[in-house]
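K.L.:
I would like to see how this sequence folds:
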Amino acid sequence: MQQKLRILLVEDEDHLLDAIKLNLELEGYKVHAVKDGKTALKIFKEERFNLIILDVMLPEMDGFQVCETIRLENTEVPILFLTAKNTSEDRVMGLKKGADDYLVKPFNLEELILRVGILVKRSMKSDDLKELNSYKIGEKTIYFNSFELKQDDGVIVPLTKKETMLLKLLIERKNEAVSREQILETVWNYDVYPSTRTIDNFILTFRKYFEPDQKNPVYFHSIRGVGYKFTDIHN
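P.N.:
Just a heads-up that it's a prediction; the model follows:
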């Protein structure tokens with residue numbers, strides 16, 4: 001018998017959580033249901049899912065932030081947002097963060113089931129979505145999946161997971177200032193509270209790796225009172 005397709009459901013309204021979970025299980029899906037974003041990220045790291053159904057308004061971390069954190073590690077699993085706000089701004093924000101579909105509350109459960117079916121089928125086709133596997137800065141290339149940096153002389157430098165995640169976040173937000181709060185939520189997931197100095201040390205390390213002149217950086221910038229920014233005029 002074929003293994004059941006797995007769905008991570010993140011919804012803080014009990015009645016809606018129970019109704020969605022029951023209907024999905026009746027359709028043959030295996031559903032792991034949680035009520036907050038922090039727990040969702042923990043479960044996502046421990047298990048494999050074919051689809052994530054994610055409420056936007058969640059306690060502690062909202063759905064947009066959860067989605068962005070997931071997308072740093074996995075760009076293939078489909079994400080369906082549930083929201084009470086029927087505004088184009090929210091839809092655009094959801095799509096920018098990496099969502100594949102958007103359903104406004106209140107919704108018809110039959111429509112939800114149909115959309116879930118379409119997204120799950122898409123997740124079975126590995127070539128439908130392409131992940132950001134590498135990025136070139138100057139003559140050096142970052143390989144996100146293998147946590148490596150290939151230098152211009154061919155030497156491979158290993159990167160830590162945190163270094164890789166922070167690089168990916170800054171590169172995906174290229175030319176935008178990323179706040180310390182966003183970095184804490186997305187890279188550290190609030191499990192550890194690094195000091196400002198800790199994040200500064202990561203930026204100093206990146207400058208050692210990539211900057212022709214570390215004292216006059218052209219790629220990695222500290223924005224006083226705000227956070228950090230990556231710029232790349234060549235890409």
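K.L.:
distance between the lowest-mean-pLDDT helix or strand in the chain and the chain's centre?
P.N.:
Using mean pLDDT, DSSP states H and E, the weakest-scoring helix or strand in the chain turns out to be helix 88-97, at a mean of 76. Offset of helix 88-97 from its chain centre (Cα atoms, centre = their mean, to the nearest Å): 14 Å.
K.L.:
pull out the buried residues from that helix.
P.N.:
For helix 88-97, the neighbour count (16 or more other Cβ atoms under 10 Å) marks 90-91, 93-94, 97 as buried. Quick note: C-beta positions are derived from backbone N, CA and C, even for glycine.
K.L.:
and stretch 201-216, by the same measure?
P.N.:
For stretch 201-216, burial by neighbour count (16+ other Cβ under 10 Å) applies to 202-204, 206-207, 209-211.
K.L.:
now the strands for the chain?
P.N.:
Counting by DSSP state E, the chain has strands at residues 6-10, 30-34, 51-55, 79-83, 101-104, 134-137, 140-143, 148-150, 156-158, 177-179, 220-223, 227-230.
K.L.:
check those strands for me and report the most buried one.
P.N.:
Among the strands of the chain, the stretch with the highest mean neighbour count (mean count of other Cβ atoms under 10 Å) is strand 51-55, at a mean of 26.
K.L.:
what's that strand in contact with?
P.N.:
Defining contact as Cβ atoms under 8 Å, 6 or more residues apart in numbering, one finds that strand 51-55 is touched by 5-13, 20, 40, 44, 63, 66-67, 70, 77-83, 99, 116, 119-120, 123.
K.L.:
just list the residues touching Tyr228, thanks.
P.N.:
Counting by Cβ under 8 Å, 6+ apart, Tyr228 makes contact with 170, 177-178, 180, 183, 199, 203, 220-222.
K.L.:
JSON lines for these, including distance to Gly154?
P.N.:
Formatted as JSON lines, the contacts of Tyr228 follow (distance: Cβ to Cβ, whole Å):
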{"residue": "Leu170", "distance to Gly154": "25"}
{"residue": "Ala177", "distance to Gly154": "34"}
{"residue": "Val178", "distance to Gly154": "31"}
{"residue": "Arg180", "distance to Gly154": "35"}
{"residue": "Ile183", "distance to Gly154": "31"}
{"residue": "Ile199", "distance to Gly154": "30"}
{"residue": "Ile203", "distance to Gly154": "26"}
{"residue": "Phe220", "distance to Gly154": "23"}
{"residue": "His221", "distance to Gly154": "28"}
{"residue": "Ser222", "distance to Gly154": "31"}
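K.L.:
out of those, which is nearest to Phe107?
P.N.:
Among the contacts of Tyr228, Val178 lies closest to Phe107 (Cβ to Cβ), at 32.9 Å.
K.L.:
tell me the domain ranges of this structure?
P.N.:
What the TED database lists as the domains of the chain is 6-128, 160-230.
K.L.:
looking at those, spot the one closest to Ile142.
P.N.:
Nearest of those to Ile142, taken as Cβ to Cβ: domain 160-230 at 5.9 Å.
K.L.:
quick one: end-to-end distance for that closest one.
P.N.:
Length of domain 160-230, first residue to last, Cα to Cα, to the nearest Å: 19 Å.
K.L.:
fine, thanks again, bye for now.
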